[in-house]
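J.: build me a structure from this.
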Amino acid sequence: MRVRKKRGEVAERVLACFLSLNLVAASLPARAVAEASVPPASPALEASPALEASPDPAAEVATDAGRAVAYLDERGGAGELVKGEYVDISDPAAFPDAEGAELGAGCYVVSADRSFDNRPSVTGDVKLVLCDGATAIFNKGIRCAPGSKLTVCAQSTGEQMGSLVAKGGAWGQAGIGGDRDEAGTGSVVIAGGRVKAAGAERGAGIGGGYKGSCDVEVSGGSVTATGGKWGAGVGTGDC
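T.: Numbers count the residues shown, from 1 in each chain. Below is the predicted model of the structure:
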């Protein structure tokens, strides 16, 4: 009896070990699947390179200020204005649009479009260069004081040449030239550019205001001048 009992205990132990081994074997595929389902660790994100700043158009304009400006002079020859020889009136900081503003003796450049709401006075020997593609609009015209001279030049003679537009403001004013009752003679020379001028009533397009006079010479460019009521296109404002 004792031998049979021992044999039964041994058989039970062998069976238990066999079942344990089967359970271990059965669990291996599930563990492998579980490990395979875990996604691999993401690699560390690399720092994005810093974006380069876009160029500042204002800074480019600032660095370009004071460059040499080539133009055609009143005889059609090549001229050049270098840094320090001119004022760019397209720049409000260099030439404010203020009542009583003056264009004193010297050289001035129109490098970009700009509109003026006041009437500046030319008070000396002034050269105004219109850069290609740029337009200056004087909504109250340009006064040429007695004894002054305004010479308008351009950079080219083609479609791209710069433009000057002037309109007489008050009664008796020329678009470009004298004010009313200014009998002293100033002078205007148009040597280049596309110039359009219109006088106020009793004012010439280019020339004198009412009861005034101003010498005018056109040697180049394209000129359209219209007098106000009773004013000449080019001449006096008292026709």
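
J.: the protein: helices as residue ranges?
T.: Here the chain has its helices, by DSSP state H, at 2-37, 57-64.

J.: least confident of these, on average?
T.: With a mean of 36, helix 57-64 has the lowest mean pLDDT of the helices of the chain.

J.: doesn't Gln173 make contact with Ile206?
T.: No. Taking Cβ atoms under 8 Å as the contact criterion, Ile206 and Gln173 are not neighbours in contact, 11.9 Å apart. C-beta: built from backbone N, CA, C; applies to glycine.

J.: what stretches of the protein score poorly on pLDDT?
T.: 1-66, 239 (pLDDT under 70).

J.: if we use 90, what do you get?
T.: Per-residue confidence of the chain (counting by pLDDT under 90) places the weak regions at 1-67, 74-76, 83, 158, 168-169, 181-185, 211-213, 236-239.

J.: what are the bridge partners for Val195, then?
T.: On DSSP bridges, the residues paired with Val195 through beta bridges are Leu164, Val223.

J.: got the contact list for it?
T.: Residues in contact with Val195 (Cβ atoms under 8 Å, 6 or more residues apart in numbering) are 152, 163-166, 176, 206, 221-225.

J.: of those residues, buried ones?
T.: 152, 163-166, 176, 206, 221, 223, 225 (16 or more other Cβ atoms under 10 Å).

J.: just send the residues you listed back as TSV, with distance to Asp88 too.
T.: Formatted as TSV, these follow (distance: Cβ to Cβ, whole Å):
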residue	distance to Asp88
Val152	16
Ser163	16
Leu164	15
Val165	18
Ala166	19
Ile176	20
Ile206	24
Gly221	20
Val223	24
Ala225	26
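
J.: relative to Lys140, which of those residues is nearest.
T.: Among the buried ones among the contacts of Val195, Ala166 lies closest to Lys140 (Cβ to Cβ), at 8.5 Å.

J.: just to check, the closest one is in contact with Val188?
T.: No. Between Ala166 and Val188 there is no contact under Cβ under 8 Å: 10.3 Å.

J.: what is in contact with those two at once?
T.: Going by Cβ under 8 Å, 6+ apart, residues that sit against Ala166 and also against Val188 are Ile176.

J.: name the nearest residue to Ala200, ignoring sequence neighbours.
T.: Nearest non-adjacent residue to Ala200, counting by Cβ to Cβ, 6 or more residues apart in numbering: Gly168, 3.4 Å away.

J.: that neighbour: what's it in contact with?
T.: With contacts defined as Cβ under 8 Å, 6+ apart, the neighbours of Gly168 are 140-141, 174-175, 198-200, 203, 209, 228.

J.: out of those, who's the most crowded?
T.: For these, neighbours were counted using other Cβ atoms under 10 Å, and Ala174 has the most, 42 neighbours in all.

J.: once you drop chain neighbours, what's closest to Lys140?
T.: In space, and not counting its chain neighbours, Lys140 is closest to Gly169: 3.2 Å by Cβ to Cβ, 6+ apart.

J.: number of nearby residues for Thr157?
T.: Counted with other Cβ under 10 Å, residues neighbouring Thr157 total 14.

J.: actually Ser115, not the one I wrote
T.: Residues within reach of Ser115, counting by other Cβ under 10 Å, total 11.
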